[in-house]
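Visitor: Next one to model:
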Amino acid sequence: MDTKASQKPRRFRPAGIAAVALLAIVAIVVSACGSSSSGSGSSGTPIKAAWIYVGPSNDGGWSQAHDNGRKYVEAQLGDKVKTTFKENIPEGAQAEQVINDLIKDGNNIIFGTSYGYEDAMAAAAAANPKVKFVQATGDLLTSGKTKTGDKVPSNYAEAWGAGEDALYLAGIAAGKATKNNKIGIEAPFAIPEIIRHINAFTLGAQSVNPAATTKVVWTKDWFNPTAEKQAAESLVSSGVDVIFSHQDSPSAGDVAKANNIPWVGYDSDQSGAYGPVWLTTATYNWGPHYLGQVNDVISGNWKQSNYYGTLADGFASLAAFGSLVSADTKAAIDAQLQQAKSGDAKAFGWYWGLSDRQDQSGAVKITKGQKLSQSDLYSMSWFVKGVDGNPKG
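Guide: Below is the predicted model of the structure:
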């Protein structure tokens, strides 16, 4: 749902800066792999399932969430499945080679967990129709064609979810926390995925604090602790008193801690390491969807799908609240969360059409009562009113 394929590897969130440096060195020296199996059992040869991670399997964030999903599949299926994972795999040529190796190893289903694997996954699917390929954060099925204009292979599926809905709730915490109505956001790239997340976060803040504004600084990198720290420091210098970091390292948390400023992270619960300044953030549970995909391969009922998880079905959720989040704020967030969970489990984005939504110029982009489709979200290229920043980067 963005243009990560041509950008640097993403989804690397270690627990602290020292760990970041160590893991980065390890990643450069060697690309590690692992496998696990409970044995073939009496039912015959187990299904072989493989996962590819752009970061370490124990990064404390994006890749670890996917590896937790893999472990969930193992725990549920036992000797019916043999799982393998490849970690620290850069997007591009190396990913293509790893995918081909996994096919040669006899894997029945392969999960790619970074958008930059999308083209390689689709190409491999076209060349290997008996293998199933599931791409996390892809957008080919929504667009209806591959990047080369070809039909998307029928053995290729995609999965993502409404992280923006969880970030709308996190925005409520930020809107309640700010005292001067200036919230800073550091973000990697000006792409639809990030833009809709920023918009949802901003709308959440404004839902409880209409005067709240957000200021966006682009780092132009998924994982770059130095650039992230500099971006966070520039936001503090500009006068913001709350920070939301849509990045893959906790550098902004260190800046927030040093300046005693409330902080919202991304895709990892950092409440333990940054408790004094932590608010909350969006997290994702991949296990149940991965289990369903593997079970469908086992039963012979696997079909192409374009899964978009929600708060209601348990895919998206909020991390633990920090001590800065008051009881009243928790109650306000819970009221919205219950609304999100009260209807269809597949429903998402209940807040977009609560009123007319204007862009930065004042033009109405979403009308009151309008419901946005997955395609609408995947093509969002504008910022809502109240965002200070360039949606083109």
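Visitor: Can you name the next helix or strand after the one helix or strand Val134 maps to?
Guide: Secondary structure assigned from DSSP states H and E places Val134 in strand 132-136. On the C-terminal side of strand 132-136, the nearest following helix or strand under DSSP H and E is helix 140-143.
Visitor: Check which helices and strands that following helix is in contact with.
Guide: strand 156-161, helix 374-378 (3 or more Cβ pairs under 8 Å, 6 or more residues apart in numbering; DSSP states H and E). All C-beta atoms are positioned from the backbone trio N, CA, C, and that covers glycine.
Visitor: If we use 10 Å, what do you get?
Guide: Packing contacts for helix 140-143, counted by 3 or more Cβ pairs under 10 Å, 6 or more residues apart in numbering; DSSP states H and E, involve helix 118-127, strand 156-161, strand 306-309, helix 374-378.
Visitor: Would you mind putting these into TSV with mean neighbour count and mean pLDDT alongside?
Guide: Putting those into TSV (neighbours: other Cβ atoms under 10 Å; pLDDT from 0 to 100) gives the following:
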stretch	mean neighbour count	mean pLDDT
helix 118-127	22	97
strand 156-161	25	97
strand 306-309	19	96
helix 374-378	17	94
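Visitor: Now tabulate these in a markdown table and tack on distance to Gly386.
Guide: Supplementary listing: the helices and strands packed on helix 140-143 in a markdown table, determined by distance: least, Cβ to Cβ, whole Å:
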| stretch | distance to Gly386 |
| --- | --- |
| helix 118-127 | 32 |
| strand 156-161 | 25 |
| strand 306-309 | 26 |
| helix 374-378 | 19 |
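Visitor: So what are the sheet partners of the strand holding Val134 and their directions?
Guide: Paired strands of strand 132-136, with direction, are strand 109-112 (parallel), strand 156-161 (parallel) (DSSP bridges).
Visitor: Can you show me the helices along the stretch 1-150 of the chain?
Guide: Using DSSP state H, counting those that start in this stretch, the helices found in the stretch 1-150 of the chain span residues 17-29, 62-77, 93-104, 118-127, 140-143.
Visitor: Nearest to Ile298, out of those helices?
Guide: With Cβ to Cβ as the criterion, Ile298 lies closest to helix 62-77 of the helices of the stretch 1-150 of the chain, at 7.8 Å.
Visitor: Wait, Asp269 touches Pro250, no?
Guide: No: with contact defined as Cβ atoms under 10 Å, Asp269 does not count as touching Pro250 (11.3 Å).
Visitor: So for these two, which sits in the more crowded spot?
Guide: The neighbour comparison of Asp269 against Pro250 (other Cβ atoms under 10 Å) goes to Pro250, with 29 against 17.
Visitor: Check the gap between that one and Ile185 for me.
Guide: According to Cβ to Cβ, to the nearest Å, Pro250 stands 16 Å off from Ile185.
Visitor: quick revisit: can you put the helices of the stretch 1-150 of the chain in TSV and add distance to Asn295?
Guide: As requested, these are arranged in TSV below (distance: least, Cβ to Cβ, whole Å):
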stretch	distance to Asn295
helix 17-29	32
helix 62-77	8
helix 93-104	20
helix 118-127	20
helix 140-143	21
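Visitor: before we move on, the earlier item: okay, the angle between the strand holding Val134 and helix 118-127?
Guide: 170 degrees (axes from the mean of the first three to the mean of the last three Cα atoms, to 10 degrees).
Visitor: which regions of the chain lie under the pLDDT threshold?
Guide: Applying pLDDT under 70 to the chain picks out residues 1-43.
Visitor: quick check: domain ranges of it?
Guide: Structural domains of the chain, as assigned by automatic domain parsing, span the residue ranges 4-161+285-309, 163-283+321-388.
Visitor: Make a markdown table out of the ones you listed and add distance to Phe315.
Guide: Converted to a markdown table, these look like this (distance: least, Cβ to Cβ, whole Å):
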| stretch | distance to Phe315 |
| --- | --- |
| domain 4-161+285-309 | 2 |
| domain 163-283+321-388 | 9 |
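Visitor: Doesn't Ile298 belong to a helix?
Guide: Yes: Ile298 sits within a helix when classified using DSSP: H, G, I helix; E, B strand; the rest coil.
Visitor: Please shift the residue numbers so they start at 94 in all later answers.
Guide: Shifting the count to begin at 94 puts that one at Ile391.
Visitor: wait, what's in contact with it?
Guide: The contact partners of Ile391, taken as Cβ atoms under 10 Å, 6 or more residues apart in numbering, are Ser136, Pro139, Ile140, Ala142, Leu170, Lys173, Val174, Asn201, Ile202.
Visitor: Separate out the buried members of those.
Guide: Restricting the contacts of Ile391 to buried positions leaves Pro139, Ile140, Ala142, Leu170, Lys173, Val174, Asn201, Ile202, with burial counted as 16 or more other Cβ atoms under 10 Å.
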